[in-house]
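>>> Attaching a predicted model along with its sequence, questions to come.
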Amino acid sequence: MSTFDVLSRYGTAALLRFLGCVALFVALHLLRQPFLLAARLLETGMRRVDARLTASVTAPGPRPRGSRSTRPFAPAAAGV
C-alpha cells in the first residue's frame with residue numbers, strides 16, 4: 001500500500017498520526033545515543049579499575065623481613 005493509497009483510504013489525519021509516531025520513534029532513539037555512550041564509557045572504566053585492583057591484590061609482594069628461605073619444607077627425619 002503506497003502513501004497515496006493510505007491518504008485516499010484513511011485520510012490526512014491517519015497519515016499524519018503515523019508520520020508523527022515514526023518521528024517520535026526516531027527522536028527517542030536519537031536521544032538515547034548519548035546515554036548509551038556514557039554507559040559504555042563507564043563500563044570500560046569500571047572494567048579497567050577492576051582489572052588493576054585485582055592485579056594489585058593478587059600480585060606477589062615482597063617477602064616479609066626475617067622470613068625463611070624459599071627452599072621447600074624438608075620433612076623431619078623418621079625416629080628423631
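Thanks, I have it.

>>> By mean pLDDT, which helix or strand of the protein comes out lowest?
helix 3-10 (a mean of 86; mean pLDDT, DSSP states H and E).

>>> and the angle for the helix or strand hosting R47 with helix 3-10?
Assigned by DSSP states H and E, R47 belongs to helix 12-58. With axes from the mean of the first three to the mean of the last three C-alpha atoms, to 10 degrees applied, the angle from helix 12-58 to helix 3-10 works out at 120 degrees.

>>> that older thread, what's the least confident helix or strand of the chain packed up against?
The contact analysis (3 or more C-beta pairs under 8 Å, 6 or more residues apart in numbering; DSSP states H and E) places helix 3-10 against helix 12-58. Where you see a C-beta, it was placed from the backbone N, CA and C, and this is true even at glycine.

>>> I'd like the average pLDDT over the helix it packs on.
Averaging pLDDT along helix 12-58 yields 95.

>>> Give the other helices and strands that it contacts.
Using 3+ C-beta pairs under 8 Å, 6+ apart: helix 12-58 touches helix 3-10.

>>> C-alpha coordinates for the helix it packs on, PDB please?
C-alpha atoms of helix 3-10 as PDB (Å, rounded to 0.1, in the frame of the first residue of the first chain):
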ATOM      1  CA  THR A   3       1.300   6.600   0.800                       C
ATOM      2  CA  PHE A   4      -1.300   7.900  -1.700                       C
ATOM      3  CA  ASP A   5      -3.400   4.800  -1.100                       C
ATOM      4  CA  VAL A   6      -3.300   5.400   2.700                       C
ATOM      5  CA  LEU A   7      -4.100   9.100   2.200                       C
ATOM      6  CA  SER A   8      -7.100   8.400  -0.100                       C
ATOM      7  CA  ARG A   9      -8.400   5.500   2.100                       C
ATOM      8  CA  TYR A  10      -7.900   6.700   5.700                       C
END
